[in-house]
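> Any chance you could fold what I've pasted below:
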Amino acid sequence: MENSTEMKDILQIVVHAFLRMKEVDKRPKCQFVHQNVSDVSAHEKNSRDRELLLQQLDEMTQAAAKMEKKEENKSFTDVMEYSPDTGNWYIPGLWNGTPPMAPVNAGYSEAVYELKKNIIQMLRSCESSANNILEFTEWMKSLWNAVKHENFIFSFRNSLVADAYMRLCTEFNKWEWEFKKEMYTWVTKSETRISNYGTVAGKSEASDMRELLTDLKSEAYTVLSKWETKLLDNLTEYFNKTEGHVYLVEQYREDFKNSAKSLRREMERSVLNQLTAASDIRQGMSKLDRIKENHTKDLEGRVCGLIEQCREKKVQMTDEELDKEFDKMWIQMVNELSFPEQKATDVITSVSHHLRQNLERKGSHVCELLSEKNLKDCGLEPFTYTGTQWVEKAKHTLRIFFNIKDHVKTLQNLADHIIKDCTQFVTEKLEKKNDYHETYIQEILNMIDEKLQNYQDVKKEREIEFEVSLKQHMCGCAAREFQKLHEEFIQMNDPKQCLNQNKEKFRADFKDVFHDRDQCQKKAEEFTNSCLKPAVEDFVNRSLGPDIIGEMLTSQKFSTRMSFQYSVLLDLFSKDDFKTYQSYICSYEEYVKKMILNHILERFSNQSTLFKFEDQHLQSSVRSINNAINKAKTEKSGDLKTFVKNVCQELGDKLVISQDAFGAFMILNKADQEQFAHWLTECVKDMANALGEKFKRTNIKMKLKQLDVNPQNELFTKLIGCGHQCPFCKAPCEAGGRSHTEHFTSLHRPQGLGRFQWDETNKLVTDICSSSVISDNRFRCNATNGEWHPYKSYREIFPDWKITTDASLQASDYWKYVLAKFNKQFAEAYKAEPADIPPVWEEITRKQAEASIKESFNIK
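Numbers count the residues shown, from 1 in each chain. A predicted model of the protein is given here:
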């Protein structure tokens, strides 16, 4: 509510009603005065007076602690009269939609009028606790401001709001996962179509790869738009409900709409990158496939000619004699065939180009920095940030407060985390053994940009050297690894090497044909083991990731970020270990990643849980193969080659059939079609049993490495949210969605846990952020360049954070208990002095601490 005229009108009515009251409560009032020690010392020149003031403050602190201990008010109604029947009022927004084009909401004036009448009636019937009109007027103004800005919601620990917000987050997370799961499935099918394009399993009618890619991108836009619309429609329908106190979270509607649009953009970028990479890699393989196909045709012709020559001798030849003839033919063939040299791409040059593109908008100084060092020389040593250049720009800050070691260490820790995440991304690409694609380095640069964007200090020009050196280091490391990957891929697909790899198989086929042996069973086994079995394993691995994620999301602790935060704090509490708390606070993302992985390992420690999903995909593949075989039988192709092609094409939307394996299988294949089909069906049964046993034997850690979709990364992204932490106490943001405009947390901690110390004593601070931001205290940190800044104006430094202003709000017993118990350890780790722990904190029991987090997260 932003209409100042309405506010004045209500205040006039209230004051008028106040004057008509007959009885005024004249109970004595206790005024609590808060003074900052640093403010006292700044005005006190005489050391004796200063000591006296400090002594007085100490006495006041002890008195306040006793008052806190003796506090009799235990519930909301102890301090305010409240009736659930008449005390709840909902004032709709002034605008019926998004201004400035939205019309005025007619319900606004009606609701305000009813509120005025109710206030007058209440003032007539109840007593006032104010001593004078000015005090009462000021109280009403403060209450009105709280209502206008809705700061009272989380300050009062309103369980209705908390429940409503939790339900909204839970529903949105379900819709979000449905969207992502659908896109994972769609991308898997599309990549299969691309991989099979131009092969025996290809079904696309596109004239070339470019046309196929265009068609798939167009289809992707359609699917993405469909699911974005569905997500937005679900939101609209949800907010149109009348039950569930949905109106209490109306202010978050736009945040969740933005999150839906952000998800669409993120998925679009990911999908298009995957399609482009798959298309380019397949197109590069097409030329090699044609060369290999020509080589196998040439080999088949030579072997058939050799068989005829041997048979013309009309003598019984031994296997040794056949081996000699085959080796002679092979050497001659290899010498006569043309094997074009496969030139490797200079990956380092490509990466350097993308790095310059990424940084070109940063100014000419960046170009100078990039020119100072060759990318080939970057990343050879562990990354270290010395801060030397920054020191030259910040000498004035050092003179007053700023600790350059802390700042450099913070940036170094940030760099270490970013490098670790990027290295994991590189490792995942290396394990897939596909060819390098430029989208890989683009993803790495995007990862670094997102991480740096979340860090306040690096947004400043003085840290551009840090960004450039970090990107150079990571790009240098990644470029060398990708160069090896690219060269290994070329070598693995080298036509001459592939031909030599199959030499012994060709020799055996040559002998079988020469001796007119029945090849049906042997060829069925070969086709199953070389073509079908790898394709089925690949299909299971590509499908298993989303299954694991879906199973994990059925757990309550993974339903929303707040539920996950509660489970994390409960887990920390059960371990009751300082190092674990320190790791959680100081290395939040790394700790959460490890915890998620541990939960996955624990959930699937019983092999039967995961095998259930593996067996579903295995049986689905077996059914598809058997259906393809039966369909091919009915078509009566007449020859084995056509029969096998029909089987492969029928499977082309689901399984990726290796072109190399198929080509090697078909050469010198004289098997009978009907007998081959019979043995193929039997071999598929054996394959299913063998794969089932293999899945049971393989441990969960090994399986996670083979998955296309990494469950740990996906769950981390889902549960960590934006990844922001309170700038003062390091409590993680709990806002739902992925594109919220403001960060908030319902459970702030004593600021000492976030490394904040008193200026003069270096003691860890026990204050909580919610009271600090309306106090006269000041703070200084890296973000303020070491300059003092008032807490009241904290949003000038941290504009994205919304910290509920409430002087009465205190840290939960949970964090009081933690800081009180590990006070000395935290002080030692932060190179500070232990905090002055209030005596009442020392008396908090484990049971009280555990109960407090349940209360904070509204756990019944």
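> Quick one: the helices in the stretch 501-650 of the chain, in order.
Listed in chain order, the helices of the stretch 501-650 of the chain (DSSP state H, counting those that start in this stretch) span residues 503-514, 520-527, 533-553, 561-575, 578-586, 588-603, 607-634, 640-650.
> do you know which of the ones you listed lies nearest residue 96?
helix 561-575 (30.7 Å; C-beta to C-beta). Where C-beta positions appear, they are placed from N, C-alpha and C, glycine not excepted.
> Packing partners of the closest one?
Packing partners of helix 561-575 (3 or more C-beta pairs under 8 Å, 6 or more residues apart in numbering; DSSP states H and E): helix 159-196, helix 578-586, helix 588-603, helix 711-720, helix 846-856.
> give me the low-pLDDT residue ranges for the stretch 101-250 of the chain?
For the stretch 101-250 of the chain, the stretches with pLDDT under 70 are 101-102, 123-124, 126-159.
> That one: helices as residue ranges?
Using DSSP H, counting those that start in this stretch, the helices of the stretch 101-250 of the chain run over residues 106-125, 133-149, 152-155, 159-196, 209-239.
> still on that earlier bit, I'd like the helices and strands packed on helix 561-575 laid out as CSV, including mean neighbour count and distance to residue 634.
CSV is the format used below for the helices and strands packed on helix 561-575 (neighbours: other C-beta atoms under 10 Å; distance: least, C-beta to C-beta, whole Å):
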stretch, mean neighbour count, distance to residue 634
helix 159-196, 19, 23
helix 578-586, 17, 63
helix 588-603, 17, 45
helix 711-720, 20, 41
helix 846-856, 16, 64
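> Dump the helices of the stretch 101-250 of the chain to a markdown table, plus distance to residue 632.
As requested, the helices of the stretch 101-250 of the chain are arranged in a markdown table below (distance: least, C-beta to C-beta, whole Å):
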| stretch | distance to residue 632 |
| --- | --- |
| helix 106-125 | 68 |
| helix 133-149 | 70 |
| helix 152-155 | 65 |
| helix 159-196 | 17 |
| helix 209-239 | 25 |
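> Out of those, which gets nearest to residue 600?
helix 159-196 (15.9 Å).
> quick check: angle from the closest one to helix 640-650?
What separates the directions of helix 159-196 and helix 640-650 is an angle of 160 degrees, with axes from the mean of the first three to the mean of the last three C-alpha atoms, to 10 degrees.
> now the angle from helix 159-196 to helix 711-720?
If you take the same axes, to 10 degrees, helix 159-196 sits at 150 degrees to helix 711-720.
> In terms of secondary structure, what does helix 159-196 contact?
Going by 3+ C-beta pairs under 8 Å, 6+ apart, helix 159-196 lies up against helix 152-155, helix 209-239, helix 253-312, helix 533-553, helix 561-575, helix 711-720.
> Between helix 253-312 and the second one, find me the angle.
Using the same axes, to 10 degrees, the inter-axis angle of helix 209-239 relative to helix 253-312 is 150 degrees.
> what helices or strands is helix 209-239 leaning on?
Secondary structure elements in contact with helix 209-239, counted by 3+ C-beta pairs under 8 Å, 6+ apart, are helix 159-196, helix 253-312.
> repeat for the last one
Here helix 711-720 touches helix 159-196, helix 533-553, helix 561-575, helix 588-603, going by 3+ C-beta pairs under 8 Å, 6+ apart.
> Tell me which of these lies nearest to residue 664.
Nearest to residue 664 among those is helix 533-553 (13.0 Å), distances taken as C-beta to C-beta.
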